[in-house]
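Peer 1: Sequence first, then the predicted structure:
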Amino acid sequence: MGTIPRRSNLGRHWNLKEDVIFLNHGSFGACPIEVLDYQNKLRDELESDPVNFFDVTSKQLWADAIAVFSKFINADKEGLIFVPNATSGVNTVLRSLDLKEGDEILALDHTYQACWNTVDFVTERSGAKTVIAKLPYPIENSEQVIQTILSYTTKRTKLALIDTVTSPTGIRLPFEEIVKQLQSKGIDVLLDAAHGPGIVPLDLEKLQAAYVTGNAHKWLCTPKGAAFLHLREDKRNQIRPLSISHGASVEGNTDEKIRLEFDWTGTQDITPWLCIPKSIEFISSLLEGEWSQIMKHNTDLAINARNILLNALGTPKLCPDSMIVGLSAVVLPESNIPITSVLEPDPLHTLLYEKYNIQVPVFGWPHHNRRYLRTASYLYNSLEEYEYLAEVLKKEI
Ligand SMILES: Cc1ncc(COP(=O)(O)O)c(C=O)c1O
């Protein structure tokens, strides 16, 4: 085995453990030291006078966070709501829908399991139906994905849950075109942009998806618990928060009701959302102030990393390089290791972590009857880290 690889020079901005090869930015992101320091300052201020912080100080910070973030994703700020995570965003929309028996909700066989479960929950309780579009394996091009998804729609399809980047397989879907085509057939799209802001360019004004939810705590590196839900104007009076709170009994027009109902759903730590402007500014300062550069840097690294791993494993590419951004997965060679579920640790994951200090997700995906290894590429990673992983895989598989 070669020498233990080091992170990139930018790794110094993160507090990640020195001796861990951290290739899993995808699950929970990783917050840089400077942003955590800022959050700690906000928390100190909050705890020094909680009432004044919630009633007064935070109001301007909250408005600033909404303004900065809506500019970042080019969304109208009246429809932008903060939620703690993308799972809550998906639940908020799906659990507000008025589904009828026989209605259909379309999801993909790459849909994040928690969100898939939510689809099943709302279809089962209403007599509606979950329809799962099976994407080709391997995927040859974007058009194939678009046509496959369209082929699963019927007159009863009410809504489609579509990812920006798929969770188990790290595939950047042609979501802009999928949204356009589905919505032109009268099917609302709930875009799951959990891997959205900071990994792919998002222009919500242009996209006009009925609903978009996504995380800031992944690719924008905010502290955990910062996510958003955007409601298109015509949807705003149909969606209610998961927690009904004070705002429900206060009169107001639709725009006012959105703020009243969603901005206060009960006491919680609001500092992750307030850190969004700081994260956007800090991360962009690391590469000449340009987010396009950051996304390109991470994408290039991910494509190179995938090639290195595929060379080592000899398994087929799940999709062309043009459908890769900062996250990518490789198929593991067939073995007699049982394919269980993402929640159960795959023995290879445990081995890589315990024997080699490599933190990388390895999991069975029962819907494909395959095991995947998924790497993420962020500014702090280096190519040597993937080379080292490839050497280890050659030895251990
Ligand atoms: C596609 C997708 N949707 C939803 C989620 C859920 O995100 P969170 O745990 O922040 O709710 C994830 C998390 O990895 C994801 O990859």
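Peer 2: The structure has been received and is ready for your questions. Predicted, not measured: the structure shown is a model, and the values here were computed from it.
Peer 1: okay, the residue lying closest to residue 33 once chain neighbours are set aside: pLDDT?
Peer 2: What sits nearest to residue 33 in space, not counting adjacent residues and going by CB to CB, 6 or more residues apart in numbering, is residue 15, at 5.5 Å. In short, each C-beta sits where N, CA and C put it, glycine included. The model reports residue 15 with a pLDDT of 98.
Peer 1: So residue 15 versus residue 36, what's the distance?
Peer 2: Look at residue 15 and residue 36: by CB to CB, to the nearest Å, they are 7 Å apart.
Peer 1: ok, those two, which is more surrounded?
Peer 2: The residue with more neighbours, out of residue 15 and residue 36, is residue 36; 17 against 11, by other CB atoms under 10 Å.
Peer 1: Show the contacting residues for that one.
Peer 2: 15, 223 (CB atoms under 8 Å, 6 or more residues apart in numbering).
Peer 1: Same check on the one 3 residues further on?
Peer 2: The neighbourhood of residue 39, defined by CB under 8 Å, 6+ apart, consists of 31, 223, 271-272, 274-275.
Peer 1: Now do the strands in the stretch 51-200 of the chain.
Peer 2: Taking DSSP state E, counting those that start in this stretch as the test, the strands found in the stretch 51-200 of the chain are 80-83, 104-108, 129-133, 157-163, 188-193.
Peer 1: As JSON lines, those strands with mean pLDDT would be great.
Peer 2: Converted to JSON lines, the strands of the stretch 51-200 of the chain look like this (pLDDT from 0 to 100):
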{"stretch": "strand 80-83", "mean pLDDT": "98"}
{"stretch": "strand 104-108", "mean pLDDT": "99"}
{"stretch": "strand 129-133", "mean pLDDT": "99"}
{"stretch": "strand 157-163", "mean pLDDT": "99"}
{"stretch": "strand 188-193", "mean pLDDT": "99"}
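Peer 1: Can you lay out those strands as JSON lines showing mean neighbour count?
Peer 2: Shown next, in JSON lines, are the strands of the stretch 51-200 of the chain (neighbours: other CB atoms under 10 Å):
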{"stretch": "strand 80-83", "mean neighbour count": "23"}
{"stretch": "strand 104-108", "mean neighbour count": "25"}
{"stretch": "strand 129-133", "mean neighbour count": "17"}
{"stretch": "strand 157-163", "mean neighbour count": "23"}
{"stretch": "strand 188-193", "mean neighbour count": "26"}
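Peer 1: Would you indicate which residues of the top helix by length along the chain are buried?
Peer 2: When the chain is parsed with DSSP state H, its longest helix is helix 291-313. Under the neighbour-count criterion of 16 or more other CB atoms under 10 Å, helix 291-313 has 291, 294-295, 297-299, 301-303, 305-310, 312-313 buried.
Peer 1: Please report how far residue 226 lies from residue 25.
Peer 2: Relative to residue 25, and taking CB to CB, residue 226 is found at 15 Å.
Peer 1: Comparing those two, which shows the higher neighbour count?
Peer 2: More crowded of residue 226 and residue 25, by other CB under 10 Å: residue 226, with 29 against 26.
Peer 1: Settle this for me: the more buried one is touching residue 86, isn't it.
Peer 2: No: assessed by CB atoms under 8 Å, residue 226 is found out of contact with residue 86, at 10.6 Å.
Peer 1: Find residues that contact each of the two.
Peer 2: By CB under 8 Å, 6+ apart, the residues touching both residue 226 and residue 86 are residue 215.
Peer 1: OK, contacts around the residue in the stretch 251-397 of the chain that the ligand sits nearest to?
Peer 2: Nearest residue of the stretch 251-397 of the chain to the ligand, counting by CB to the nearest ligand atom: residue 327, 8.6 Å away. When contacts are counted by CB under 8 Å, 6+ apart, residue 327 touches 26, 165, 170, 195, 199, 302, 374-377.
Peer 1: Which pLDDT value goes with it?
Peer 2: For residue 327, pLDDT reads 98.
Peer 1: could I get the strands of the stretch 51-200 of the chain as TSV with distance to residue 236?
Peer 2: TSV is the format used below for the strands of the stretch 51-200 of the chain (distance: least, CB to CB, whole Å):
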stretch	distance to residue 236
strand 80-83	10
strand 104-108	21
strand 129-133	26
strand 157-163	16
strand 188-193	13
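Peer 1: May I see these arranged in a markdown table, with distance to the ligand as well?
Peer 2: Listed next are the strands of the stretch 51-200 of the chain as a markdown table, based on distance: least, CB to the nearest ligand atom, whole Å:
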| stretch | distance to the ligand |
| --- | --- |
| strand 80-83 | 9 |
| strand 104-108 | 10 |
| strand 129-133 | 15 |
| strand 157-163 | 5 |
| strand 188-193 | 5 |
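Peer 1: of the ones you listed, which approaches residue 355 most closely?
Peer 2: Of all these, the one in closest proximity to residue 355, counting by CB to CB, is strand 157-163 (32.8 Å).
Peer 1: Check what contacts that closest one and list those residues.
Peer 2: 90, 94, 97, 99, 103-108, 110-112, 115, 119, 128, 131, 149, 153, 173, 175, 178-179, 182, 185, 187-195, 210.
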